[in-house]
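Visitor: After the sequence you'll find the predicted model.
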Amino acid sequence: VTGPQPRRVGAVFFDLFGTLLPLGPLNEACEALDPGGGAELAARWRARQLEISWLRTAMGRWADFDAVTADALGASLAERGLAPDDHRIREAVQAFAALPVRDGAEELVKALRAEGMVVGVLTNASRSTLRGALDRSGLDVDHALSVDAVEVFKPHPAVYGLAVDATGLPPDRIGFVTANGWDAAGAGAFGFQVAWLQDSAATFPPVGAPQPMITRWADLPGAFLAPLGS
Ligand code: LAC
């Protein structure tokens with residue numbers, strides 16, 4: 001763990017896409033749409049997905065993340081001059097909704113709960129996509145929180161506030177695990193204790209948010225198990 005020292009928390013929430021559900025398998029799904037360019041299309045799809053979510057939030061024009069995901073793929077294909085058939089596009093969107101859970105996630109959730117922590121997922125995903133992911137993964141969490149409840153996307157503070165409402169804990173007693181730097185910034189600005197699973201190429205967005213702890217998946221749950229009072 002580098003960055004701020006770990007502190008004991010009462011609850012740990014996980015981001016979903018890119019964190020509990022790594023996005024790697026999308027490269028292959030995109031290969032069917034863009035032979036030879038699958039990884040590039042997948043990266044663009046993700047970037048457009050986030051951009052559309054931020055635009056919709058800033059504009060006050062809500063549509064759920066399933067719709068945003070489908071729109072983002074359409075936009076990415078158009079940018080690359082591709083017009084695959086609807087069936088292939090649907091398959092790729094379904095691949096997004098059906099991403100497999102990261103190895104070790106179930107054990108990590110169990111270990112945190114065995115320590116008496118409340119564990120949850122806090123995600124942009126729609127309620128139905130989140131429910132599907134939890135059913136598939138066997139993750140047994142106390143709280144499954146979707147932005148559908150507030151109709152804005154991360155990093156709007158109202159989203160992180162859902163975890164405060166669900167647990168009754170103040171933000172600084174809530175741990176948050178994400179692989180997304182912008183999500184780490186949003187959660188830290190809200191006041192959570194953030195463990196960022198930093199990708200080697202990723203830099204922390206310079207938006208005035210507190211520096212997160214930087215951890216590897218293998219260092220969790222240690223990041224949140226420091227003795228009380230530390
Ligand atoms: C989510 C976004 C960050 O799952 O991917 O909330």
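Guide: Yes, it's here. Residues are numbered from 1 along each chain as shown.
Visitor: ok, which stretches of the protein are strands?
Guide: Along the chain, counting by DSSP state E, strands occupy 11-14, 118-123, 143-146, 174-178, 193-196, 213-214.
Visitor: of those, which approaches the ligand most closely?
Guide: Set against the ligand and scored by Cβ to the nearest ligand atom, these come closest in strand 118-123, at 3.7 Å. C-beta here means a position set from N, CA and C on the backbone, and glycine is covered the same way.
Visitor: quick one: buried residues of the lowest-mean-pLDDT helix or strand in the chain?
Guide: When each helix and strand of the chain is scored by mean pLDDT, DSSP states H and E, helix 86-97 comes last, with a mean of 92. Buried residues in helix 86-97, counting neighbours by 16 or more other Cβ atoms under 10 Å, are found at 89, 92-93, 95-97.
Visitor: As TSV, these with distance to the ligand would be great.
Guide: Formatted as TSV, the buried residues of helix 86-97 follow (distance: Cβ to the nearest ligand atom, whole Å):
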residue	distance to the ligand
89	20
92	17
93	15
95	15
96	10
97	12
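Visitor: Where does pLDDT dip in the chain?
Guide: For the chain, the stretches with pLDDT under 70 are 6, 226-230.
Visitor: Can you tell me which residues in it are near the ligand?
Guide: 15-18, 123-125, 154, 180, 183 (Cβ under 6 Å from any ligand atom).
Visitor: which among the residues you listed gets closest to residue 112?
Guide: residue 15 (14.9 Å; Cβ to Cβ).
Visitor: the inter-axis angle of the biggest helix by length in the chain versus helix 86-97?
Guide: Scanning the chain for the helix with the most residues, using DSSP state H, yields helix 38-59. Here the directions of helix 38-59 and helix 86-97 differ by 70 degrees (axes from the mean of the first three to the mean of the last three Cα atoms, to 10 degrees).
Visitor: Please list all residues in contact with residue 115.
Guide: 221, 225 (Cβ atoms under 8 Å, 6 or more residues apart in numbering).
Visitor: swap in residue 104?
Guide: Contacts of residue 104 by Cβ under 8 Å, 6+ apart are residue 217.
Visitor: Residue 175 now?
Guide: Counted by Cβ under 8 Å, 6+ apart, residue 175 has contacts 9, 11-13, 117, 192-195, 223-224.
Visitor: Spatially, which two of those are the most separated?
Guide: Every pair of these checked by Cβ to Cβ; the farthest is 117 and 194, at 15.5 Å.
Visitor: higher neighbour count, these two?
Guide: Neighbours per residue, other Cβ atoms under 10 Å: of residue 117 and residue 194, the larger number sits with residue 194, 28 against 20.
Visitor: Check the gap between the more buried one and residue 172 for me.
Guide: Distance from residue 194 to residue 172, counting by Cβ to Cβ, to the nearest Å: 11 Å.
Visitor: just to revisit the earlier point, list buried members of the contacts of residue 175 by neighbour count.
Guide: Buried among those by 16+ other Cβ under 10 Å: 9, 11-13, 117, 192-195, 223-224.
Visitor: which one of those sits closest to residue 73?
Guide: residue 13 (27.3 Å).
Visitor: circling back to that earlier point, okay, the residues of the chain next to the ligand in TSV with distance to residue 4 next?
Guide: Below are the residues of the chain next to the ligand laid out as TSV (distance: Cβ to Cβ, whole Å):
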residue	distance to residue 4
15	19
16	24
17	25
18	22
123	24
124	25
125	28
154	21
180	18
183	17
